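In: Sequence first, predicted model second:
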Amino acid sequence: MNSTKIYSLLLLFFFTFSFCSKKDIEEEIIEEPQTAEIYFPSITTNIWETILPEELNWNLTKIEDLKTFLSEKNTKSFMVLYNGKIVMEEYFNNHTATSNWYRASAGKTLTSTVSGIAQDENLLHINDKVSDYLGTGWTSATLDKENLITCKNLLSMTSGLDDSLGDAVSPDNLKYVADAGTRWAYHNVYVKMQDVVANASNTTWSNYFNTKLRDKIDMNGVWTDVGSLSVYWSTTRSMARFGLLISANGKWENTQIVSESFLNEATNTSQNINTSYGYYWWLNGKPNYHLPQSQYQFNGELIPNAPADMLCALGKNDQKIYVVPSKKLIIIRMGEAAEDSNFALSNFDNELWEKMNDVIE
């Protein structure tokens, strides 16, 4: 074999080997996981792993600005998780990691989630009428109008009952205004969903909640009755654990606590009146929204400065859970009202996200 042929064969071998090696490398890169698995804190110890803001290339100067803003806005606690790990955990105004605080209507999402668990266990179905579980006469509406109200109407705030009569949920205060499903109104009648779960499970609401949700993810906390309101009190970390469960599509490590299919319903538009509302979850990135005690439709996103895919649990006086899948973030805020007393959404949401964007972008 002459030298020309030998050179040609060597050249062919070189290019073939180079191509295969490059292809193998590319395949390895493609197959390599792009993100770390979500982290879950222990349910037997107090260990919760952290990640430093600088590891995420966050702006440390802007974090200090954010802390000042939070303190000035009557915040008691502020916590940020990235992929389950703690990035920020701050306490203000004599509040501590072991202090309980009320979630107000941010706790409605606990009721939604436990309703989903009860449906997963075939104890109820949200398309059933409420009177199947509570009996007739739980409202002052006529029987035919009362029987239009399903559990889904309670979850989506479309019961058609009068929202102007205060917080009481006795039949005298639950008066017919419109057919169920035709009117969205933020209403304390949601607590009747807790009665539905209690009757369907043949136990108390608190017992079912504690067994099926609280204890399984190691939350602390207790439900308290304030008039006709049912309010959950817990630590900030417990609030964050719940947010993490939602972020993980209802799963805690290897255990499915609530079905992903139910959560998918709960965290998407639940009716065609208020596109920014699921089952007690507020949804960002939708074309319009309604607010409590108003029938007016506002055009635009709920919180323009926040990511479009963000889910919100919003409670009176600025109790907040933000779940942002695209950013792998869970953000908790507890405290007094940032400015004026409010039912859920306030100017604080958009101002806070302006500060957060300075930190993370």
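Out: Arrived safely. Numbering: from 1, shown residues only.

In: ok so residue 155 is a strand residue?
Out: No. Assigned with DSSP: H, G, I helix; E, B strand; the rest coil, residue 155 falls outside any strand and is helix.

In: Now it: closest residue in space, sequence neighbours ignored.
Out: residue 279 (4.0 Å; C-beta to C-beta, 6 or more residues apart in numbering). For the C-beta atoms, the positions are set from N, CA and C on the backbone; glycine is no exception.

In: Over to residue 133?
Out: residue 196 (4.4 Å).

In: sorry, back to before: look at the residue nearest to residue 155 and report its pLDDT.
Out: Looking at residue 279, its pLDDT stands at 98.

In: repeat for residue 11
Out: pLDDT, read off for residue 11, is 39.

In: any idea whether the residue nearest to residue 133 is helix, strand or coil?
Out: helix.

In: from memory it sits against residue 111, does it?
Out: No. Using C-beta atoms under 8 Å, residue 196 makes no contact with residue 111, being 9.9 Å away.

In: sorry, back to before: since we're on the residue nearest to residue 155, how many residues are nearby?
Out: By the measure other C-beta atoms under 10 Å, the count of residues near residue 279 is 27.

In: next one: phi and psi at it?
Out: Here is the backbone geometry of residue 279 (degrees, to the nearest 10): phi -100, psi 90.

In: Residue 93 too?
Out: phi 50, psi 50.

In: Please, which helix or strand holds the residue nearest to residue 213 when sequence neighbours are not counted?
Out: Nearest non-adjacent residue to residue 213, counting by C-beta to C-beta, 6+ apart: residue 114, 5.5 Å away. Using DSSP states H and E, residue 114 maps to helix 108-120.

In: Who are the contact partners of residue 235?
Out: 97-101, 220-221 (C-beta atoms under 8 Å, 6 or more residues apart in numbering).

In: Next step: those residues restricted to strands.
Out: residue 101 (DSSP state E).

In: show me what contacts residue 297?
Out: 288-290 are the contacts of residue 297 under C-beta under 8 Å, 6+ apart.

In: number of nearby residues for the residue lying closest to residue 86 once chain neighbours are set aside?
Out: Closest residue to residue 86 apart from its sequence neighbours, by C-beta to C-beta, 6+ apart: residue 50 at 4.6 Å. Each residue near residue 50 was counted by other C-beta under 10 Å, and the total is 13.

In: The residue nearest to residue 155 and residue 158, how far apart?
Out: Residue 279 sits 11 Å away from residue 158, taking C-beta to C-beta, to the nearest Å as the criterion.
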